[in-house]
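A.B. asks: coords below, sequence missing:
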């Protein structure tokens, strides 16, 4: 039989693992949403959208994704979302451009993905 201390240690490790996975998922969502918002912003500003090249070597690609995740923060995502809203009346999560700022404010629940 396992001792009480071993059970507590296992529970602690499981909780830590779950917390770490949630954090990784949240970071990936920020990066994905940032890249989507950036592409929409470039399209709205009539800039040329360059598709991301897929690397043949998966190890390099994984390393690049991790680097990108470290560089893009939630603050960066909020900045680009606010630029879309303020300059173009566009909500990434609603997926549409509104006719007026009043319509955006009355129809859109905000810049938080969970609110949609």
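C.D. replies: The structure has been received and is ready for your questions. On a predicted model such as this, the values are computed, not experimentally measured, just so you know.
A.B. asks: Going along the chain, name the helices of the chain.
C.D. replies: With DSSP state H as the criterion, the chain has helices at 4-44, 58-71, 74-88, 101-107.
A.B. asks: Kindly compare burial across those and name the winner.
C.D. replies: When the helices of the chain are scored by mean count of other C-beta atoms under 10 Å, the highest mean neighbour count falls to helix 74-88 (a mean of 16). From N, CA and C alone the C-beta is placed, and that goes for glycine too.
A.B. asks: distance of the one residue sitting closest to the centre of the chain from residue 8?
C.D. replies: Taking C-alpha atoms, centre = their mean, the centroid of the chain lies closest to residue 30, which sits 1.8 Å from it. In this view, residue 30 and residue 8 are 33 Å apart by C-beta to C-beta, to the nearest Å.
A.B. asks: lowest average confidence, helix or strand, in this protein?
C.D. replies: helix 58-71 (a mean of 55; mean pLDDT, DSSP states H and E).
A.B. asks: pLDDT weak spots in the chain?
C.D. replies: 1, 47-70 (pLDDT under 70).
A.B. asks: Format the helices of the chain as CSV; extra columns: distance to residue 114.
C.D. replies: Listed next are the helices of the chain as CSV, based on distance: least, C-beta to C-beta, whole Å:
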stretch, distance to residue 114
helix 4-44, 10
helix 58-71, 20
helix 74-88, 13
helix 101-107, 17
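A.B. asks: With respect to residue 113, which of those helices lies nearest?
C.D. replies: Among these, the nearest to residue 113 by C-beta to C-beta is helix 4-44 (6.6 Å).
A.B. asks: Quick check: the residue nearest to the centre of the chain touching residue 74?
C.D. replies: Yes: in terms of C-beta atoms under 8 Å, residue 30 counts as a neighbour of residue 74; the distance is 5.4 Å.
A.B. asks: shared neighbours, those two?
C.D. replies: Listed contacts common to residue 30 and residue 74 are nil; contacts here mean C-beta atoms under 8 Å, 6 or more residues apart in numbering.
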